[in-house]
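> Predicted structure and sequence below. I'll ask about it afterward.
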Amino acid sequence: LRHIGVDHIIVSDAGSTDGTLDVLEAEQRAGHVTVTHVDPDEIVDYDTESARAVALARASGAEWVLFMDADEFFIPATGSLKDCRHLHDADIIVADRFNVVVTPRHLLMPATLAPRHSGSLSLFTRHVADFRSYLETHPHAPFVTVRPGPKVMARVSVATAVAPGGHDVGAGDRSVRRVAATDLIVAHVPFSTKDRFERKVANIRNEVEVHPAYFAGGYAWHWRRWAEMTAPGAIDAEFALQVSDDGALEGWRREGIVRSAEELLAERAPMIDAVREPSFGGRLWADVHAWSQRLWHPRFRPVDALGH
C-alpha cells in the first residue's frame, strides 16, 4: 500500500492467528501502521462499527480514505494512487473489482504489483446482473469467474457511514460527485490454497452458529452457501471448481473471460482526458481488515454523531 501512495494504514484485527500481528510490529514501530483490535466475540451492531470507521478516518488527518480487506489489491494504472485523475474532481471514486485466477500451481498474480508486471496479473471479468441468482441457476459455474461488486475511495470530508465490507461510503443528505475510476482497478483473491479455504469455511460455520443475526436479510449469502456444504468432499469439490487448469484457462482467455490487468487498464485509458491533472498532493489513508471470523450486521445508515 505504501508503494502505491498510501500515507498511513490502519489495520482492524479481529483475532487473526496467522502471524499477521507479528509482521505488522515493525511497521507499527516505524509509524507507518496503526493496529486496532476488535473482540471477535463481542456483538456489535453495524451502526456502531460504521461510526467507529468514520471516526478513525476523520481522526487520521487524511483527505482520502479507502476501505479494504487483506485479500484486495488496488491497482492504479501508473503505480500510484495519487495519480488517479478523479482525486481532483470527485468525492467518491468507484473502482471495478476482479477475482484473480488460481491454477493448480499458483495464483496468476506477480509477486510485485507494479505497472511493468500488470500483463502477468490475470483476472476474471464475467459480468452478470445478479450474482446470487446466477450461481443458483448455474450451480456448476465457478464462483471465482464472476466479477464481485466494486470498491470505493472517498473524500473523508463527505463520509458519514461505511457500508458492510467497505463496498460503499454514505454521505447522508449531501450531494456528492461519484465517478467510475478510469485509471484504477482492484484485484481480489478469494481463493489461493485449499487449506486456506477450509479454514475460512470453518470460521464461517462458527460465525453462523454464534452470530446468526449477522447473516440476516441475505447478507454474506455466498459465505452461508459455503457453510452449508456439509456433504463429504463438498468443500474439496468447491475449491477444485475454482481452479483453472491449462485447458480451461486457454478457453477463458479465448472467450475474453480472463484478461490481464494491463488489458483492462488500457481499455479504460481512452476515457482519460488528454490533459492530465498533476499528481494529488494530499494524504491517503487505508483501513485494512485482517479478519478471522467477524462479520458485521448488514445495516447501513448515516452516522449523525461520532463516538456514540
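Here it is on my side, so go on. Numbering: from 1, shown residues only.

> Now do the helices in the stretch 1-150 of the chain.
In the stretch 1-150 of the chain, the helices defined using DSSP state H, counting those that start in this stretch lie at 20-29, 46-59, 131-137.

> what's the last one in contact with?
Under the contact criterion Cβ atoms under 8 Å, 6 or more residues apart in numbering, helix 131-137 has outside partners 128, 141, 143, 146, 148, 218, 221-222, 225. C-betas here are computed from N, CA, C, even on glycine.

> Scan the helices and strands of this structure for the one with the lowest mean pLDDT.
Least confident helix or strand of the chain, by mean pLDDT, DSSP states H and E, is strand 284-290 with a mean of 57.

> Quick one: end-to-end distance for stretch 94-101.
22 Å (Cα to Cα, to the nearest Å).

> whoops, I mixed them up, stretch 204-223
For stretch 204-223, the end-to-end distance is 7 Å (Cα to Cα).

> separation between the residue nearest to M109 when sequence neighbours are not counted and K194?
Once flanking residues are discounted, M109 sits nearest to V100: 5.0 Å by Cβ to Cβ, 6 or more residues apart in numbering. Separation of V100 from K194 (Cβ to Cβ, to the nearest Å) stands at 16 Å.

> Among these two, which residue is more densely surrounded?
Legend: neighbour count by other Cβ atoms under 10 Å for V100 and K194, higher for V100 (21 against 15).

> Could you double-check that the more buried one sits in contact with L113?
No. Counting by Cβ atoms under 8 Å, V100 does not reach L113; the two are 10.8 Å apart.

> List the residues that are in contact with both of the two.
121, 187.

> isn't L66 right up against P150?
No. Counting by Cβ under 8 Å, L66 stays clear of P150, with 11.8 Å between them.

> Compare neighbour counts for the two and give me the winner.
Taking neighbours as other Cβ under 10 Å, L66 and P150 compare with L66 leading, 26 against 17.

> What is the three-state secondary structure of the nearest residue to the more buried one once chain neighbours are set aside?
Spatial nearest neighbour of L66, excluding adjacent residues (Cβ to Cβ, 6+ apart): M153 at 4.6 Å. Following DSSP: H, G, I helix; E, B strand; the rest coil, the label given to M153 is strand.

> Mind pulling the model confidence for M153?
As predicted, M153 sits at a pLDDT of 92.

> Any idea how many residues pack against it?
25.

> dump the residue contacts of it.
So, once contact is read as Cβ under 8 Å, 6+ apart, M153 ends up touching 64-66, 81, 84, 92-93, 95, 184.

> Closest to D173 out of the residues you listed?
Nearest to D173 among these: I92, at 14.9 Å, using Cβ to Cβ.

> How many residues are close by the closest one?
20.

> Next, the distance between the ends of stretch 38-48.
12 Å.

> repeat for stretch 62-75
First-to-last residue span, stretch 62-75, Cα to Cα: 20 Å.

> if we can go back for a sec, with mean pLDDT and distance to P232 as new columns, can the helices of the stretch 1-150 of the chain be given to me in TSV?
Listed next are the helices of the stretch 1-150 of the chain as TSV, based on pLDDT from 0 to 100; distance: least, Cβ to Cβ, whole Å:
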stretch	mean pLDDT	distance to P232
helix 20-29	82	32
helix 46-59	81	36
helix 131-137	93	22
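
> out of the ones you listed, deepest packed?
Mean neighbours per residue, mean count of other Cβ atoms under 10 Å, is largest over the helices of the stretch 1-150 of the chain for helix 46-59, with a mean of 19.

> Which elements pack onto that helix?
strand 161-162, strand 284-290 (3 or more Cβ pairs under 8 Å, 6 or more residues apart in numbering; DSSP states H and E).

> about what we covered before: wait, which of the helices of the stretch 1-150 of the chain is closest to M109?
Of the helices of the stretch 1-150 of the chain, nearest to M109 by Cβ to Cβ is helix 20-29, at 18.9 Å.

> Just the C-alpha atoms of that closest one, please, in PDB.
C-alpha atoms of helix 20-29 as PDB (Å, rounded to 0.1, in the frame of the first residue of the first chain):
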ATOM      1  CA  THR A  20      -0.300 -11.100  10.900                       C
ATOM      2  CA  LEU A  21       0.400  -9.000  14.000                       C
ATOM      3  CA  ASP A  22       4.000 -10.200  14.200                       C
ATOM      4  CA  VAL A  23       4.500  -8.900  10.600                       C
ATOM      5  CA  LEU A  24       3.000  -5.600  11.500                       C
ATOM      6  CA  GLU A  25       5.000  -4.900  14.600                       C
ATOM      7  CA  ALA A  26       8.000  -3.400  12.800                       C
ATOM      8  CA  GLU A  27       5.700  -1.300  10.600                       C
ATOM      9  CA  GLN A  28       3.900   0.000  13.600                       C
ATOM     10  CA  ARG A  29       7.100   0.900  15.400                       C
END
